[in-house]
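K.L.:
got a predicted structure plus its sequence, pasted below:
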Amino acid sequence: MATISDLVDSWEGRLPFGFSAWSIFLILLIVFYLTSAICSYVQLRQFDGPFIAKFSRLWMIRSALSGTQNTRLHECSQKYGSICRIGPKTLLVSDADFLWKVNSVRGQYVRSVAYTAFSLERGKRNILSTRDEKRHQDLRAQMAAGYSGKENLHLESSIDHHVRKLLGLIERKYLSSASEGYRPMDFARTSSYFTFDVITDIAFGRPASYLDVDEDKYDFISNVASLFPVMCLTAVVPSLVQLTEVGWINKLLAPSKSDQMGIGRIMGIARETVDERFTPGHPDRGDMLAAFIRHGLDKDQAEGEVMLQILAGADTTATALRAILLFIISKPSVVHKISAEFQAHGVGCPDKVSDMETEIVSVQQIQQLSYLEACIKEGLRLRPPATGYLQKEVPPGGDTLPDGRFIPGGTGIAYCAWGVMRSVEAFGENAEIFYPERWLESSPEQLRLMKRHWELGFSTGKWRCLGKDVAMLELQKVLVELLRRYDIAVVDPTQPMKSRNYSLFLDTDFRLVINRKS
Ligand code: HEM
């Protein structure tokens, strides 16, 4: 087969004005690039954005690697509008109505190719990475029961069990007092251990028990965190994902079930568990995996979905937990109101030292704690854990906005989390401050608008997060138990926590000093 070099060589001697064949080839390449850049520019010319973004993806790449992607996107949407242009074929959207339309169950929008990055094994698509709409719909139908309390019988008791373990760890190692001395805790790590133990338990009944050893046993958490910048970049340059699907590259880079550490190690454990469950006569354990199998997932699918749950559910919930706790303890009036609400509903500090028998406040009691619920909502609003593009694609025929602007088919629609959650129209001029009261004081009309924005943090419609209720239950349970037992403060109020954003947050050094309530 003739190579480009053979082709170019065959032109030598036949070219006018003494041009070399290579210079002609270069000129053609530039002409081709300029033509396609101009075509893209023209197609979306009605949308404003940074100048460079109209011709190349450099702006998106720079934001992705900056470690401050969330705020860069917000600044862009503040400057150029709630639907602005951040790439030759990409619009950044913080207009809630438009995002609801994009996500709607009967809508024609599809997930962009960037989602294939969520496949852990080459060619194996899970509910998040599949772009096949029918398959996605089927998987959702098969998995919904497992995610709900109805078929996941031990959900609440599993969470309670790990909350007790967390309290036990604090009592053992991190409680500061006159007798025990000063014993700060890095809650950036401990919160991840907690959510990771919960998810491995409820997903397949084999908790990783990180809280028992108080360390990142298989370097799984650090391994996942090191992938954040890479995943953030692949959302902008999806061809990188396609590259990793090439056999030998995949072998080199992708985790393997035989690995002793990192993601591969957890994949190995998931494989073992799923194998056991598919052994004839294995009892139905009443957990998520059992529900998936009951609803028809085969071995490969069950394994993929279990792994996805861990990746989708552990870090997001830990990020939320850190942020909500930080917002609460940074505002004395909020701490005071929470204590008053706890007292009013009989959930004060228990007399007994925490141990594995300690009583955990029930869901029914938690449901009466409306101020705490407002704090959780407000924390999730101000610092939504999922801040990536979650890019969807406009259907082939294009779409027209209410103001008449046309968006051509194939255009990427990227979500601007910071813009949605700090909308002044929805949350008022104090949108950027932590003010839980807004969820209790607003008019029904305003509340409706606020919810319409807030719900986008878990996505809506056909892509709504399946683990939302699980995440909310975890957050409620652990926050009630921490706040009713302990006085908690950050060690260094000038820098409470170090944080970088690569579509997800990389939080470190969240050092807390914890005293038992007197
Ligand atoms: C505060 C915590 C969480 C946040 C903020 C969050 C956010 C999200 C978002 C934004 C999506 C939609 C992505 C899209 O538009 O394509 C999503 C999907 C998903 N999440 Fe969560 N999530 C959280 C916790 C969890 C937990 C605990 C689990 C598992 C127990 C989970 C499982 C899933 C799954 C399976 C999907 C895919 C749904 C689908 O493709 O239809 N998430 N999540």
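P.N.:
Noted; the coordinates are in hand.

K.L.:
list the contacts for whatever residue of the stretch 151-300 of the chain ends up closest to the ligand?
P.N.:
Of the residues in the stretch 151-300 of the chain, the one nearest the ligand is residue 199, at a distance of 6.0 Å by C-beta to the nearest ligand atom. Bear in mind the C-beta positions are built from the backbone N, C-alpha and C, glycine included. Contact analysis of residue 199 by C-beta atoms under 8 Å, 6 or more residues apart in numbering lists 309-310, 313-314, 317.

K.L.:
closest to the ligand out of those residues?
P.N.:
Using C-beta to the nearest ligand atom, residue 313 is the member of the contacts of residue 199 that lies nearest the ligand, at 2.8 Å.

K.L.:
I'd say that closest one and residue 471 touch.
P.N.:
Yes: using C-beta atoms under 8 Å, residue 313 is in contact with residue 471, at 6.8 Å.

K.L.:
looking at this, residue 515 is in a helix?
P.N.:
No: assigned with DSSP: H, G, I helix; E, B strand; the rest coil, residue 515 falls outside any helix and is strand.

K.L.:
which residues touch it?
P.N.:
By C-beta under 8 Å, 6+ apart, the contact set of residue 515 is 175-177, 486-488.

K.L.:
out of the residues you listed, which are buried?
P.N.:
For these, a burial check counting by 16 or more other C-beta atoms under 10 Å picks out 175-176, 486-488.

K.L.:
related to what we said a few turns ago, highest neighbour count among the contacts of residue 199?
P.N.:
For the contacts of residue 199, the largest neighbour count, defined by other C-beta atoms under 10 Å, is 28 neighbours, found at residue 309.

K.L.:
now do the SS call for it.
P.N.:
helix.

K.L.:
tell me the contacts of the closest residue to residue 155 other than its chain neighbours?
P.N.:
Spatial nearest neighbour of residue 155, excluding adjacent residues (C-beta to C-beta, 6 or more residues apart in numbering): residue 149 at 5.3 Å. Taking C-beta under 8 Å, 6+ apart, we find residue 149 in contact with 155-156, 469.

K.L.:
cool, and residue 39?
P.N.:
Going by C-beta under 8 Å, 6+ apart, the list of residues near residue 39 is empty.

K.L.:
go on, the one 5 residues further on?
P.N.:
Taking C-beta under 8 Å, 6+ apart as the definition of contact, the neighbours of residue 44 are 54, 85, 88-89, 91, 407-408, 411.

K.L.:
from residue 26, how far off is whatever residue of the chain ends up closest to the ligand?
P.N.:
Residue nearest to the ligand within the chain (C-beta to the nearest ligand atom): residue 467, separated by 2.0 Å. Distance, residue 467 to residue 26, by C-beta to C-beta, to the nearest Å: 51 Å.

K.L.:
which one's more surrounded, these two?
P.N.:
Neighbours of residue 467 and residue 26, each counted by other C-beta under 10 Å, are more numerous for residue 467; the result is 20 against 11.

K.L.:
and the gap between residue 287 and residue 34?
P.N.:
To residue 34, residue 287 is 57 Å away according to C-beta to C-beta.

K.L.:
now name the helix or strand holding the most centrally placed residue in the chain.
P.N.:
When C-alpha atoms, centre = their mean is applied to the chain, the residue found nearest the centroid is residue 386 (3.5 Å). Using DSSP states H and E, residue 386 sits within no helix or strand.

K.L.:
buried sites along the helix or strand hosting residue 334?
P.N.:
Assigned by DSSP H and E, residue 334 belongs to helix 332-344. Within helix 332-344, the residues that count as buried by 16+ other C-beta under 10 Å are 334-335, 337-339, 341-342.

K.L.:
what residues does the stretch 251-400 of the chain put near the ligand?
P.N.:
Within reach of the ligand by C-beta under 6 Å from any ligand atom, the stretch 251-400 of the chain has these residues: 308-309, 312-313, 316-317, 320, 385-386, 390.

K.L.:
confidence score at the nearest residue to residue 47 once chain neighbours are set aside?
P.N.:
Excluding its sequence neighbours, the residue lying closest to residue 47 (C-beta to C-beta, 6+ apart) is residue 85, at 4.2 Å. The model reports residue 85 with a pLDDT of 97.

K.L.:
so residue 85 versus residue 51, what's the distance?
P.N.:
In terms of C-beta to C-beta, residue 85 sits 10 Å off from residue 51.

K.L.:
which of the two has more neighbours?
P.N.:
Legend: neighbour count by other C-beta under 10 Å for residue 85 and residue 51, higher for residue 85 (25 against 8).

K.L.:
quickly find the element holding residue 290.
P.N.:
Here residue 290 is assigned to helix 288-294, by DSSP H and E.

K.L.:
okay, buried residues for that helix please.
P.N.:
288-293.

K.L.:
equivalent analysis for stretch 294-302, please.
P.N.:
For stretch 294-302, a neighbour-count test (16+ other C-beta under 10 Å) marks 297, 301-302 as buried.

K.L.:
filter those down to the ones in helices?
P.N.:
Taking DSSP state H as the definition of helices, those contribute 301-302.

K.L.:
residue 444 and residue 451: what is the separation?
P.N.:
10 Å.

K.L.:
more neighbours: these two, which one.
P.N.:
Neighbours were counted for residue 444 and for residue 451 using other C-beta under 10 Å; residue 451 has more, 15 against 6.

K.L.:
who touches residue 57 in this structure?
P.N.:
Neighbouring residues of residue 57 by C-beta under 8 Å, 6+ apart: 87-88, 90, 236-237.

K.L.:
redo that, cut-off 6 Å
P.N.:
Contacts for residue 57 (C-beta atoms under 6 Å, 6 or more residues apart in numbering) come out as 87, 236.

K.L.:
with residue 100 instead?
P.N.:
By C-beta under 6 Å, 6+ apart, the residues touching residue 100 are residue 460.

K.L.:
before we move on, the earlier item: now the contacts of residue 515 in CSV, with pLDDT and secondary structure?
P.N.:
Shown next, in CSV, are these (pLDDT from 0 to 100; DSSP: H, G, I helix; E, B strand; the rest coil):
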residue, pLDDT, secondary structure
175, 95, strand
176, 96, coil
177, 92, strand
486, 96, strand
487, 97, strand
488, 98, strand
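
K.L.:
could you dump the residues you listed into JSON lines with distance to the ligand added?
P.N.:
Shown next, in JSON lines, are the contacts of residue 515 (distance: C-beta to the nearest ligand atom, whole Å):
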{"residue": "175", "distance to the ligand": "27"}
{"residue": "176", "distance to the ligand": "29"}
{"residue": "177", "distance to the ligand": "32"}
{"residue": "486", "distance to the ligand": "22"}
{"residue": "487", "distance to the ligand": "26"}
{"residue": "488", "distance to the ligand": "20"}
